[in-house]
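Trainee: quick one, structure for this:
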Amino acid sequence: MKSDRDIEPSAPPAKGLAALDRDRRRAGIILSLPAAILIVLLVLGPAGLVIAFSFTDYRLGVPTMTFVAFDNYIDMFTDRDF
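Mentor: Residues are numbered from 1 along each chain as shown. Presented below is the predicted three-dimensional model:
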């Protein structure tokens, strides 16, 4: 008959602290990815397009646009009404 000391534990050995930290860090990154993707798509994407369009003479409904560099900014800052 076996005593309590002879019975092997059924659970795997405990992970080290470094492995637990790595697992928690990985889980945090995975859980943060959907929010990060949404921020890029819904905030940074349109903001980048606005900045890119500000360097052109883009007009809604007109199929062509040309690069005008800083002309729009010069016009804005030299306008008396602005």
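
Trainee: continuing past the lengthiest helix in the chain, what's the next helix or strand?
Mentor: Scanning the chain for the helix with the most residues, using DSSP state H, yields helix 17-39. Downstream of helix 17-39, the next assigned helix or strand under DSSP states H and E is helix 45-53.

Trainee: centroid residue for the protein?
Mentor: A36 (3.6 Å; C-alpha atoms, centre = their mean).

Trainee: just the pLDDT at it, thanks.
Mentor: Confidence at A36, expressed as pLDDT, is 94.

Trainee: over to S10?
Mentor: On pLDDT, S10 comes in at 65.

Trainee: do S3 as well
Mentor: As predicted, S3 sits at a pLDDT of 60.

Trainee: R80 now?
Mentor: 86.

Trainee: where does it land in three-state SS?
Mentor: coil (DSSP: H, G, I helix; E, B strand; the rest coil).

Trainee: just give me the neighbour total for it.
Mentor: By the criterion of other C-beta atoms under 10 Å, R80 has 4 neighbours. In short, each C-beta sits where N, CA and C put it, glycine included.

Trainee: for the remainder of this discussion, apply numbering that starts at 393.
Mentor: New numbering, starting at 393: the last item is R472.

Trainee: fine by me, we can end here.
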